[in-house]
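# here is the input, now give the coordinates:
(chains A and B)
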Protein chains: 2
Amino acid sequence: MAARLEFWFEFASTYSYLAAEEIEEKAKAVDVHVVWRPFLLGPIFAGQGWSDSPFNLYPAKGAYMWRDMERLCERKGIAWRPPSVFPRSGLLAARVAAALEGTDRLAPFARAVYHANFALDRDIADPTVLEEILRELSFEAEELLRRGTEDDIKVRLRANTDEAIRRGVFGAPSFFVKDELFWGGDRLDQALEMAAAP
Amino acid sequence: MAARLEFWFEFASTYSYLAAEEIEEKAKAVDVHVVWRPFLLGPIFAGQGWSDSPFNLYPAKGAYMWRDMERLCERKGIAWRPPSVFPRSGLLAARVAAALEGTDRLAPFARAVYHANFALDRDIADPTVLEEILRELSFEAEELLRRGTEDDIKVRLRANTDEAIRRGVFGAPSFFVKDELFWGGDRLDQALEMAAAP
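You can find the predicted model right below:
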């Protein structure tokens, strides 16, 4: 069985966008299979007493993050346009992602949503934007958006978030190699190294 | 004039310990001069509404930090013993550091204090521990500890902390290349690269 790395992502998260752009190429280079796991940061932040992104609650931290993202995207050659609304609700997109979980359509969908939010400044909370994204991927747009409103999918996404909390996740992106947690894109290489180790 | 990098550190900060261990060798390799700048995180955290380290206030984040430090120290070959008290007050040590600012005795003193706290689990808030550290370095222990209680030194350290806040610092370690801020040991290489660029 191929080595595995779990990639836990949240669509509102700037640093998850970077990881989503890089992870498949990096993982392929060391023969590791990436398991994409959508979840929501909202309930985790609420549990910490935050009603908003820490980047909005703590302005110095936020100002730094925007500059850091700009620098990192420039270094890495990744498209970047600061979103005019932050954070955007990734709830519906995350539900569609949950509906795609376990299929090879999740990664391209997730990357397209991130690109819309952070490279094109499009409103990923808007169902018509998600519909366009799904159509461009030649996925069944109407069917998947409908699935995203169904109870079993809502429950699945909530279960993912509960699993994240139970396993110690407190931010995004997060990576697991078995039960070893790595937080932040800065730990992606280290996580892949552990995943690839014999 | 040699290229310069400012290294802003706080003695209670685990990740600042790692940076303190690595920075001089890394900077020397790219011909960059390190300017060590002591400051206090307490007033910065207080300004964010925190009365304790975020690693204590947010247990999942804290649990991860301890595991991350253990892993990083092992990878880097840096001595590590989790301190039995966290965070330890670095106030007196930071005042002595402020008294040494601008001299070539600051870096060895700072490294010795970090080593005491994070490799030997010694109480760096205890003046007798600082006295021993200063004696081992063959510095004037009594004189420097006395200086650390004088008003001009207290004012100097407070001015450093105010300067950090004014320039956007929100955590430690932080690095400046001119007015460009980099936060966290994970950005040390990037900061040095910018400092060394023609």
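# pLDDT value on A:Met1, please?
Note on A:Met1: pLDDT of 60.
# repeat that for A:Ser16.
According to the model, A:Ser16 scores 98 on pLDDT.
# what residues are up against it?
By CB atoms under 8 Å, 6 or more residues apart in numbering or on different chains, the contact list for A:Ser16 reads A:Phe9, A:Glu10, A:Tyr114, A:Ala172, A:Pro173, A:Gly185. Yep, even glycine has a C-beta here, placed from its N, CA and C like the rest.
# ok, now with 10 Å
Counting by CB atoms under 10 Å, 6 or more residues apart in numbering or on different chains, A:Ser16 touches A:7-10, A:23, A:41, A:90, A:110, A:114, A:118, A:171-174, A:184-185.
# put the alpha carbons of stretch A:110-124 into CSV.
C-alpha atoms of stretch A:110-124 as CSV (Å, rounded to 0.1, in the frame of the first residue of the first chain):
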residue,chain,number,x,y,z
ALA,A,110,-10.8,22.1,-4.2
ARG,A,111,-8.0,23.6,-6.2
ALA,A,112,-10.5,25.4,-8.5
VAL,A,113,-12.4,26.8,-5.5
TYR,A,114,-9.2,28.1,-3.9
HIS,A,115,-8.1,29.6,-7.2
ALA,A,116,-11.5,31.4,-7.5
ASN,A,117,-11.2,32.8,-4.0
PHE,A,118,-7.5,33.8,-3.8
ALA,A,119,-6.4,34.3,-7.4
LEU,A,120,-9.6,35.6,-9.0
ASP,A,121,-11.3,37.3,-6.0
ARG,A,122,-14.6,35.5,-6.7
ASP,A,123,-17.3,34.9,-4.1
ILE,A,124,-17.1,31.2,-3.3
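# pull out the buried positions in stretch A:36-53.
Neighbour counts over stretch A:36-53 (16 or more other CB atoms under 10 Å in any protein chain shown) mark A:Trp36, A:Arg37, A:Pro38, A:Phe39, A:Leu40, A:Leu41, A:Gly42, A:Ile44, A:Phe45, A:Trp50, A:Ser53 as buried.
# ok, now stretch A:150-170?
Buried residues in stretch A:150-170 (16+ other CB under 10 Å): A:Ile153, A:Arg156, A:Leu157, A:Asn160, A:Thr161, A:Ala164, A:Gly168, A:Val169, A:Phe170.
# now check the strand or helix carrying the first one, is it near chain B?
Assessed by DSSP states H and E, A:Ile153 sits inside helix A:151-166. Yes. For helix A:151-166, a contact with chain B is found by CB under 10 Å from any CB of the partner chain, at A:Ala164, A:Ile165.
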